[in-house]
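>>> Sharing a sequence plus its predicted fold:
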Amino acid sequence: MDLQCFLCWRVALLLLLSPCGLQCMSVHVINRQPVHVVPGSDLVLKARIEQGPLESISTLTWERELETGPDPKRVTLATNVGRSIRYVGTRPNIFVKVDEKETTLEIKAYSDEDSGVYILTVKDHKGANTSAQCIVRIYEPVHHVSVSINVSHSSLVCGEAWGTDPHFSWLHEQVAISSTVGTVSKDGTTLIVTKTPFCGHFTCMVSNKLGHSSATYTAAPCETGGRGTTAAVVCLIFLLLFGGVLAFLLWRRRRHSNRGERLHEHLDAI
């Protein structure tokens, strides 16, 4: 029994003296990265703070630095000391909320200058810092859509420059692609054409939250049986109408001719 107590006290002492054990603080940004924000809307970043039973937060700081560049200078957005929030050299559109296990940073009317790497640093009561970061970029509209052809594989490839979260769709002669025309890849960028002959207008539509753009590849004109049948029917109707009019004119002329002959015979008899 004494041995068990001795072992328990020894384990507890090791946990207290260890750098972690029950006292390790961790910080995690909840947002899925990278975060893309539509210009003029609000940026909301959430982070979860996990701390041991003997841990307490001394200082909480949100900072931002450029994502790329030779000297990414950090800018302090807000600092929380205890229960108060102090703004340091920022616009009044930045708000910070601190709960027991979570903190939220909100920036109203997001603009391009707000893009970068956001760093959250939490300092505990012993002065140890724990950090987490998140990349934030501006949401870009769709740009420069193009369609190229891979002749050897009978496929069309749709490209887009740098729009955020582009969605691809295809049309053939302004109608959605069907199985008789071809199949579209899972990401929507490639159309494998199975239609023979390879003809008509193929349009790639690319869209996201800010709008859409398109590009069209034009192949040889399609000759369809339906058009030929329609033309034949029109010609037949025209011939029938023309024949009917001609027959009517001949009948009318013959009728007038017969009436003239009868009138002439009647006059001779008088």
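Yep, that arrived. What you see is a predicted model; the values in this text were computed from it and never measured. Residues are numbered from 1 along each chain as shown.
>>> Not counting stretch 55-73 itself, show me its contacts.
Here stretch 55-73 makes contact (C-beta atoms under 8 Å, 6 or more residues apart in numbering) with 23-25, 49, 51, 74-81, 96, 98, 103, 105, 114-125, 127, 135, 137. To be clear about C-beta, it is placed using only N, CA and C from the backbone, and glycine gets the same treatment.
>>> I'd like to know which of these are buried.
The neighbour count (16 or more other C-beta atoms under 10 Å) marks 23, 25, 49, 51, 76-80, 96, 98, 103, 105, 114-124, 137 as buried among those.
>>> where along the stretch 1-150 of the chain do the helices fall?
With DSSP state H, counting those that start in this stretch applied, the stretch 1-150 of the chain shows helices at 2-17, listed in chain order.
>>> any low-confidence regions in it?
For the stretch 1-150 of the chain, the stretches flagged by pLDDT under 70 are 1-23, 82-90.
>>> Do a quick rundown of the strands in it.
Using DSSP state E, counting those that start in this stretch, the strands of the stretch 1-150 of the chain run over 26-29, 35-37, 43-50, 57-65, 75-81, 84-87, 94-98, 102-107, 116-124, 129-138, 146-150.
>>> Redo those strands as TSV? Include distance to I237.
As requested, these are arranged in TSV below (distance: least, C-beta to C-beta, whole Å):
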stretch	distance to I237
strand 26-29	73
strand 35-37	59
strand 43-50	67
strand 57-65	75
strand 75-81	77
strand 84-87	81
strand 94-98	75
strand 102-107	70
strand 116-124	71
strand 129-138	61
strand 146-150	41
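>>> nearest to L241, of those strands?
For L241, the closest of the strands of the stretch 1-150 of the chain is strand 146-150, at 45.7 Å, according to C-beta to C-beta.
>>> Strand partners (parallel or antiparallel) of that closest one?
Each strand paired with strand 146-150, and its direction, by DSSP bridges: strand 155-159 (antiparallel).
>>> what's downstream of the partner strand, the next helix or strand?
strand 167-172 (DSSP states H and E).
>>> Is E223 in a helix, a strand, or coil?
What DSSP: H, G, I helix; E, B strand; the rest coil gives for E223 is coil.
>>> and it, what is it in contact with?
So E223 contacts C199 (C-beta under 8 Å, 6+ apart).
>>> please renumber so the chain begins at 19
Will do, 19 is the new start, and the previous item becomes E241.
>>> Show the pLDDT at it.
According to the prediction, E241 has pLDDT 80.
>>> do the same with N276
We have a pLDDT of 59 for N276.
>>> CA-only coordinates of stretch 198-217, as PDB, when you get a sec.
Below are the C-alpha coordinates for stretch 198-217, written out as PDB (Å, rounded to 0.1, in the frame of the first residue of the first chain):
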ATOM      1  CA  THR A 198     -24.500  11.500 -77.000                       C
ATOM      2  CA  VAL A 199     -22.100  14.400 -77.200                       C
ATOM      3  CA  GLY A 200     -19.400  13.400 -74.600                       C
ATOM      4  CA  THR A 201     -18.400  13.100 -71.000                       C
ATOM      5  CA  VAL A 202     -17.100  15.700 -68.600                       C
ATOM      6  CA  SER A 203     -14.200  15.100 -66.100                       C
ATOM      7  CA  LYS A 204     -14.900  15.200 -62.300                       C
ATOM      8  CA  ASP A 205     -13.300  18.600 -62.000                       C
ATOM      9  CA  GLY A 206     -15.300  19.900 -65.000                       C
ATOM     10  CA  THR A 207     -12.200  21.200 -66.900                       C
ATOM     11  CA  THR A 208     -12.100  18.500 -69.600                       C
ATOM     12  CA  LEU A 209     -14.700  17.400 -72.100                       C
ATOM     13  CA  ILE A 210     -14.100  14.100 -73.900                       C
ATOM     14  CA  VAL A 211     -16.100  14.300 -77.100                       C
ATOM     15  CA  THR A 212     -17.600  11.000 -78.300                       C
ATOM     16  CA  LYS A 213     -19.900  12.600 -80.900                       C
ATOM     17  CA  THR A 214     -19.000  11.800 -84.500                       C
ATOM     18  CA  PRO A 215     -18.400  13.700 -86.500                       C
ATOM     19  CA  PHE A 216     -16.600  16.300 -84.200                       C
ATOM     20  CA  CYS A 217     -18.700  19.400 -85.100                       C
END
